[in-house]
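Q: Here's my sequence, what's the structure:
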Amino acid sequence: MQDYSQSARRDRTAILLEGVWKSFKGNTVLRGINMRVPQGSVYVLAGPNGSGKTTTIRTLLGVYKRDRGRVLVLGCDPNDACWREVVRRTGYLPEDASPYERLTGYENILFYAKLYAEGDPGRARRLVERAVDISGLSPSELHRRAGTYSKGMKRRLLLATSLMHNPELVVLDEPTSGLDVFSQHAIRGLIRGLAREGRTVLVTTHNLLEAELIADYVGFIYKGVIVYEGPLRRAIEEFNASNLEEAFIHCINSIGK
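A: Okay, here's the model as predicted:
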């Protein structure tokens, strides 16, 4: 395993899954997933609802224990002792996450800053400043209870708390689902900004047209299998499509539904 981890680092692979299976009470959700996320890229795992996107994310992050197969994230298997350090270097925002609604936006940020700072007041202050900047929320908005926020404001607050510690790897599960066009635009801009800083960003979405706006690489997932993976432009060209949504449909039709 150590040799394999070193190999993954040499070829600049941030996330690697090989033959990963996952079932729940006899229901197979992931069917031999193979996925490679290059470092410093925006990789979009795209597919319809129920295709296995969230299960893939939670399995590679060690939230779910895989049935079989190989997983490496930043060169480490979730079952190994090095995983604690990987967690420190990762920012994760689940689709169903919610802020503490009785706290203000600022109090939410301060709570997470203290956790990340591990008793260092100076670092906590710096984390708060970074999170406030990332959130894009005004001082008056930050001093309102999060329970009064719109869905877009809540999402921006949650992104800020997920990114305040400068993670090397960012994992976002359906980050713009249900948001208005202005919030979607802001979050897409934030994702591209992270990539420009050299961070690796893994995003799941069922919106193929949105994926086309942010992705360097795409993985098409369907019925628990990644049926295509590669650079964005190659996917469009390979399936003789005018856009990524059309490429996905052509891909699924080519393998048979």
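
Q: C-terminal to the helix or strand hosting residue 85, which secondary structure element comes first?
A: Counting by DSSP states H and E, the element that carries residue 85 is helix 83-88. Heading C-terminal from helix 83-88, the first helix or strand you meet, by DSSP H and E, is strand 90-93.

Q: Just checking: what are the partner strands of that following strand?
A: Partners of strand 90-93 in the sheet, by DSSP bridges, are strand 169-173 (parallel).

Q: Check which element follows the strand it pairs with along the chain.
A: Strand 169-173 is succeeded, C-terminally, by helix 181-196 (DSSP H and E).

Q: how about the helix holding residue 85: buried residues?
A: 83, 86-87 (16 or more other C-beta atoms under 10 Å). C-beta here means a position set from N, CA and C on the backbone, and glycine is covered the same way.

Q: from the chain's centre, how far out does that helix sit?
A: Between the centre of helix 83-88 and the centre of its chain there are 16 Å (C-alpha atoms, centre = their mean, to the nearest Å).

Q: how about the strands of the chain, start to end?
A: For the chain, the strands defined by DSSP state E occupy 13-24, 27-38, 42-46, 68-73, 90-93, 169-173, 200-205, 217-222, 225-231.

Q: and the angle from the fourth one to strand 13-24?
A: On the basis of axes from the mean of the first three to the mean of the last three C-alpha atoms, to 10 degrees, strand 68-73 is oriented at 140 degrees to strand 13-24.

Q: Buried residues, strand 68-73. List them.
A: In strand 68-73, counting by 16+ other C-beta under 10 Å, buried: 69, 71-73.

Q: and of those, the nearest to residue 201?
A: Checking the buried residues of strand 68-73 against residue 201 by C-beta to C-beta gives residue 73 as the nearest, at 13.6 Å.

Q: surely that closest one meets residue 61?
A: Yes. Here residue 73 reaches residue 61: they are 7.2 Å apart, a contact under C-beta atoms under 8 Å.
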